[in-house]
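In: kindly generate the corresponding structure for this input.
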Amino acid sequence: MKLKHHLYIYIALLVIVVGVMAWLRTKSSEVHPRSFEEIRTDGVLRIVTDYTPLSYYLQGDSLSGFDYELARMIGERSGLSIEITPEVNLSKSIEGLESGQYDIVARQLPVTSEIKEELAFTVPLQLNKQVLVQRKPAEEGKKLIRNQLDLAGKTLYIVSDAPTRLRINNLAREIGDTIYIQEEKTYGAEQLIMMVATGEIEFAVCDKAIAQQMSKDYPQLDCNTDISFTQFQSWALRKNDSTLLDSLNKWITDIQQEDRYKKLYDSYF
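Out: You can find the predicted model right below:
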């Protein structure tokens, strides 16, 4: 009887110990926004980027992309290991940044006054603009849209949560008419451009750089109608990450003086 009593106590204590260990493991694995000192100690810089030929792209056995290559250069210069996660959805990328899952959003984001209220931006990485992607007319009599006034009543497809929405809404007010916006929550800019090329949708709006790159494979596409003015584009960090931002800006500025960076930039832009 006494043996059975002791056995029950032992089992109860074992359950408690296992429960405490599991709880501690869960707490230790929780993500949180890290300071620059914590990043240095850990030795790993966590980066989330877009999955497009411009940012991060897997073709066969090789990875490519401007943001991917620049991240690798930063890893070499900083001495940090670079952990890159591709994520098409911009909102999820920013949510991961704010929660501490990522330290940097390394995708080409337009630096606007509205977004600057929420995020900190690096030094400019490129100049870019938003353009209309449309098919070249296959029949005589049909014309490409060149005047923004002709967008009245049209439906434009954009990537979900893209800053493009704000520009299109402003454009609608400027022309005094309705422009319908269809946000695609599943696909990125690359897929939208392909959908225009195949005739699944009529119009998409995306960065000129990626539209031009994609049009090399789809000559039936036209991307010469501007939707926005030329804007600086940069990577984004949390607003309070001033130490990481200063270090990142120093690394980027130094890299931008190198010949290999100039070759990288020219190959994509």
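
In: could you pull out the strands for the stretch 1-150 of the chain?
Out: Assigned by DSSP state E, counting those that start in this stretch, the stretch 1-150 of the chain shows strands spanning 44-49, 57-59, 62-64, 81-86, 104-110, 119-121, 126-128, 130-135.

In: who wins for proximity to residue 231 among these?
Out: Among these, the nearest to residue 231 by C-beta to C-beta is strand 104-110 (4.4 Å). All C-beta spots, glycine's among them, are computed from the backbone N, C-alpha and C.

In: most packed of the strands of the stretch 1-150 of the chain?
Out: With neighbours taken as mean count of other C-beta atoms under 10 Å, the strands of the stretch 1-150 of the chain reach their highest mean count in strand 104-110, at a mean of 26.

In: just how off-centre is it within its chain?
Out: In this view, strand 104-110 has its centroid 5 Å away from the chain centroid, taken as C-alpha atoms, centre = their mean, to the nearest Å.

In: now that strand: average pLDDT?
Out: Average pLDDT, strand 104-110: 91.

In: in the chain, what helix or strand scores lowest on average pLDDT?
Out: Counting by mean pLDDT, DSSP states H and E, the chain has its least confident helix or strand at helix 2-29, which shows a mean of 49.

In: related to what we said a few turns ago, quick one: closest of the strands of the stretch 1-150 of the chain to residue 212.
Out: With C-beta to C-beta as the measure, strand 130-135 is the member of the strands of the stretch 1-150 of the chain nearest residue 212 (8.5 Å).

In: the closest one: what's the following helix or strand?
Out: strand 155-159 (DSSP states H and E).

In: any buried residues in the next helix-or-strand element following that following strand, and which?
Out: Moving toward the C-terminus from strand 155-159, the next helix or strand (DSSP H and E) is helix 164-175. Judged by neighbour count using 16 or more other C-beta atoms under 10 Å, the buried positions of helix 164-175 are 164-165, 167-168, 171-172.

In: so what's the gap between helix 164-175 and the chain middle?
Out: Distance, stretch centre to chain centre, for helix 164-175: 22 Å (C-alpha atoms, centre = their mean).

In: list of residues touching it?
Out: Counting by C-beta atoms under 8 Å, 6 or more residues apart in numbering, helix 164-175 makes contact with 112, 114, 130, 148-149, 151-152, 156, 158, 178-179, 181, 183, 205-206, 227-228, all of which sit outside it.

In: quick one: low-confidence ranges for this protein?
Out: Along the chain, segments meeting pLDDT under 70 span 1-31, 139-141.

In: still on that earlier bit, tell me which of the buried residues of helix 164-175 is nearest to residue 251?
Out: Distances from residue 251 to those, taken by C-beta to C-beta, are shortest for residue 164, at 29.0 Å.

In: how much space between that closest one and residue 158?
Out: For residue 164, the distance to residue 158 equals 5 Å [C-beta to C-beta, to the nearest Å].

In: quickly list what's touching both of these two.
Out: Common neighbours of residue 164 and residue 158, counting by C-beta under 8 Å, 6+ apart, are 205-206.

In: buried ones in stretch 243-254?
Out: The neighbour-count check on stretch 243-254 (16+ other C-beta under 10 Å) flags 244-245, 247-248, 251-252 as buried.

In: contacts for it, please.
Out: By C-beta under 8 Å, 6+ apart, stretch 243-254 touches 35-37, 39, 70, 74, 77-78, 103-104, 120, 122-123, 125, 235, 237.

In: switch the cut-off to 10 Å
Out: Residues outside stretch 243-254 that contact it (C-beta atoms under 10 Å, 6 or more residues apart in numbering): 34-37, 39-40, 45, 70, 73-78, 80, 103-104, 106, 120-125, 234-239, 241, 261.

In: before we move on, back to that, so for residue 223, which of the strands of the stretch 1-150 of the chain sits nearest?
Out: Residue 223 lies closest, by C-beta to C-beta, to one member of the strands of the stretch 1-150 of the chain: strand 130-135, at 4.8 Å.

In: for residue 85, which non-adjacent residue is closest in space?
Out: residue 48 (4.8 Å; C-beta to C-beta, 6 or more residues apart in numbering).
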